[in-house]
Every structure is written in structure tokens, then in C-alpha cells.
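Sequence and predicted model, in that order:
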Amino acid sequence: MSKYKAGGGLPNLERLVIKYFLVPIVRLLFTWNLSLFFINREVKIIKKLLGNIKKEDLQKQVFIDRTFAIEDHSRDYSINMTLEHLRITGTAIISVIDTLSNEQEVINEITIEAVKPKDNSDTEPEQFFIFMEKYNHYIKNHSKKYSKKTKKHPWFVHFNNSDWACFMFMHTFIHRRQIQSIMENLK
């Protein structure tokens, strides 16, 4: 596994650009429905990418070059590990959105370490796509009211329920790019 510490974070300048530039822009421009549209677009891209790869290559861990918004600890994932990370994180995000939407406090601390992959399972692509259908259904049926309650992201700022849905898109986009980098290094 990685020689880097899980949850070690991003380079300071990169973290600050995301925190003070990208997050405010996404908050300003994205709605619940727009975020869902772009997440679904990312999932379609991932599905297409996986259609072009041998099943045994999905579990091969590959060390990729430094990539924007990917911490060093996560640079030696396999495709399946990346999908597992997206699924674990997405499951946690649904829970946070649900709690904040009920104007309740999210009690547990959110940590990067808690959403790291554990299995590198050969069934991960199927599990990921099943989860994404569940997420899609959840957001489509959500009341889409903006919560007053917030929960801080470990590296960035406090997010309300809608911000977490927007973050889900940004996170999926970032890790789709990671999958592409892994594929390029498999060759």
C-alpha cells in the first residue's frame, strides 16, 4: 500500500484554491439538479471507460503522477479501489445530506481515513453502479430544500446539504480523472 499517510491532505496552495475559489464558484452556479446531471454524466464516462479494460486490470494498483485534488496516499490505487472509495464516500454523503436535511447535527467527525478503500474487490464495478443508481434515486426524490445546519468537510469549509450534493459531483469528477490516469499507466 501507499508510503504516504491517509488523510495527509493536499498541498496547501491546492487546498486553498479549492477552498476559496472552486467551492464558492460551485456553490454559486450549481443547483441540486445540475449537480445530479453532472454526476450522472461522470458515471456514464466511467462506465464507458470500464468497457475498454480487461477485468483483471481493474484490481491492479498503479502509482500515478501527482494529480490535482488527489492526495498522495491515494496515488497508488487500482480502478476498483477508486470505485470503492467513491462508493464509501457517496454512502457517507447520503447520510450527511439526510441528517442536515432534517436540520439535525451530524455528530460523528468526518475523516478522510474513514472513506479509504479496504477490499479491492472484483465485484466493485457492479457495487459502484448499483450505489450510483441508489444515489440518483435519493437525490431525485429529495425535497431539495437548503438546510441551515452544516457539517465541515475535513479539508475545506462547512457545507449545507446542497453543498454536499455539489461536492459529490466534484469528488466524482476528480476520481474519474484518477481512473483515466490509472488506465494510462496500465498500458
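Structure received. Residues are numbered from 1 along each chain as shown.

Okay, helices next: where are they in this structure?
12-17, 23-29, 32-50, 79-101, 124-140, 161-186 (DSSP state H).

I'd like the mean pLDDT over the third one, please.
It stands for helix 32-50. If you average the pLDDT over helix 32-50, you get 97.

Touching it from outside, list them.
Contact with helix 32-50 is made by 30, 58, 79, 83, 125, 128-129, 132, 135-136, 139-140, 142, 144, 162, 165-166, 168-169, 172-173, 176, 179-180, 183, as judged by Cβ atoms under 8 Å, 6 or more residues apart in numbering. Yep, even glycine has a C-beta here, placed from its N, CA and C like the rest.

Tell me how many other residues crowd residue 92.
Counted by other Cβ atoms under 10 Å, the residues lying close to residue 92 total 17.

just checking, it touches residue 115?
Yes. Using Cβ atoms under 8 Å, residue 92 is in contact with residue 115, at 6.1 Å.

So how do I select the buried members of the contacts of helix 32-50 in ChimeraX?
With 16 or more other Cβ atoms under 10 Å as the criterion, this ChimeraX line picks the buried residues out of the contacts of helix 32-50:
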select :30,58,79,83,125,128,129,132,135,139,142,162,165,166,168,169,172,173,176,179,180,183
